[in-house]
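Q: With the sequence up front, the predicted model follows.
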Amino acid sequence: MNGQVQIRRTTLALARAGLTVSDLWVRYYALGGDVSEFEVEAYLGGLLVLPGSERDVLADAMNDLLDGTQVDIRVPRSEQDKPSGTSEDSRRSLGALGSFLFTVDEAERERLDAVTRTQLIDSPTEERFDRYTRQAREYFDVSSSIVALIDDHRMFLKSVLGPVEQNLPREITFCNATIRNAGPLIVEDSREDKRFRANPLVVGEPFIRFYAGYPLRGPGGWTVGTLCVIDQKPRGFSAADERFLRRLARHVEDEIASGSAAP
């Protein structure tokens, strides 16, 4: 085999564990690997074919790095590197990392499936989420903070502090824009932002002027919702603010992962 299963598993494992190719190469080299970090990166990008012996050292290195983590993926050795299932199964197994293989509609269906698998839609409030909305509101000194999930037509508030209405149509929410971002969406003054100044949530209740939202990843790495803070007056947003919001978002993602259903 040419290592396609090994490549997919390794790429997914790196993303899930928050590791880099450099991390993998260091362990691979320590185990006796012979190719350069550049060549490993090219192999994982599908630009280079490696001998089975080198692929196996990489598989061993990846599995070593995963030991002791909560990531349950393991990379097979060459003799086990046999594709199983359909091509559709292979695409889906990549999760959000394979989003470039889907049409826009297909990717949204995968995202909505991930939302369902969180098992949080229409569930009651829980302290494990509320503690992070409290921390967010206190740190930013704003009127509102929420943990929201975005399904096919609405924004469901799993945790909310402040005057934000439950089940708003997703199309008008700032969070609907946030889930399309790889990083945070920051709106320091909505009245000066042409994307949002005519938004009904700006010109009407809750009269949003400041918004900072971080996308939340769920099953398969798909973005299922947001952690965000809202206020009725404009304000700045520093690099330290971004780090704090990102850290809270990662904690919320851990809570989402702990209760999500398997595919």
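A: Received it, and whenever you're ready, just let me know what you need.
Q: Quick check: beta-bridge partners of the residue nearest in space to the middle of the chain?
A: Nearest to the geometric centre of the chain sits R217, at 2.8 Å (C-alpha atoms, centre = their mean). R217 forms beta bridges with T223, as assigned by DSSP bridges.
Q: List the buried residues of stretch 171-183.
A: Of all the residues in stretch 171-183, those buried under the rule 16 or more other C-beta atoms under 10 Å are T173, F174, C175, N176, A177, T178, I179. All C-beta atoms are positioned from the backbone trio N, CA, C, and that covers glycine.
Q: Can you show me the CA trace of it as PDB?
A: C-alpha atoms of stretch 171-183 as PDB (Å, rounded to 0.1, in the frame of the first residue of the first chain):
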ATOM      1  CA  GLU A 171     -29.200  34.300  10.000                       C
ATOM      2  CA  ILE A 172     -29.300  37.500  12.100                       C
ATOM      3  CA  THR A 173     -26.800  36.400  14.800                       C
ATOM      4  CA  PHE A 174     -23.200  37.400  15.000                       C
ATOM      5  CA  CYS A 175     -22.400  33.900  16.000                       C
ATOM      6  CA  ASN A 176     -23.600  32.600  12.600                       C
ATOM      7  CA  ALA A 177     -20.700  34.600  11.100                       C
ATOM      8  CA  THR A 178     -18.300  33.400  13.800                       C
ATOM      9  CA  ILE A 179     -18.700  29.700  13.000                       C
ATOM     10  CA  ARG A 180     -17.400  30.400   9.500                       C
ATOM     11  CA  ASN A 181     -14.100  31.800  11.000                       C
ATOM     12  CA  ALA A 182     -11.000  29.800  11.800                       C
ATOM     13  CA  GLY A 183     -10.400  32.200  14.600                       C
END
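Q: Return the distance of it from the chain's centre.
A: 13 Å (C-alpha atoms, centre = their mean, to the nearest Å).
Q: Not counting stretch 244-257 itself, show me its contacts.
A: Outside stretch 244-257, the residues within contact range by C-beta atoms under 8 Å, 6 or more residues apart in numbering are 118, 120, 128-129, 132, 135-136, 139, 147, 184, 212, 214-219, 224, 227, 229.
Q: Out of the residues you listed, which sit inside strands?
A: Applying DSSP state E to the contacts of stretch 244-257, the entries found in strands are V147, A212, Y214, P215, L216, R217, V224, L227, V229.
Q: How far off centre is stretch 233-240?
A: The answer for stretch 233-240 is 23 Å, by C-alpha atoms, centre = their mean.
Q: Weed out the non-buried ones from the ones in strands among the contacts of stretch 244-257.
A: For the ones in strands among the contacts of stretch 244-257, buried by 16+ other C-beta under 10 Å: V147, A212, Y214, P215, L216, R217, V224, L227, V229.
Q: Please identify which of the residues you listed is nearest to R77.
A: R217 (29.4 Å; C-beta to C-beta).
Q: where in the stretch 51-200 of the chain is pLDDT low?
A: The stretch 51-200 of the chain contains residues with pLDDT under 70 at 79-94.
Q: tell me the contacts of the closest residue to V142 other than its chain neighbours?
A: Among residues not flanking V142 along the chain, D231 sits closest, at 3.9 Å (C-beta to C-beta, 6 or more residues apart in numbering). D231 makes contacts with F140, V142, S143, S144, I208, R209, F210, as judged by C-beta under 8 Å, 6+ apart.
Q: So the last one sits against C228, correct?
A: No. In this structure, F210 sits apart from C228 without contact. The criterion is C-beta atoms under 8 Å, and the distance is 10.4 Å.
Q: Much appreciated, bye for now.
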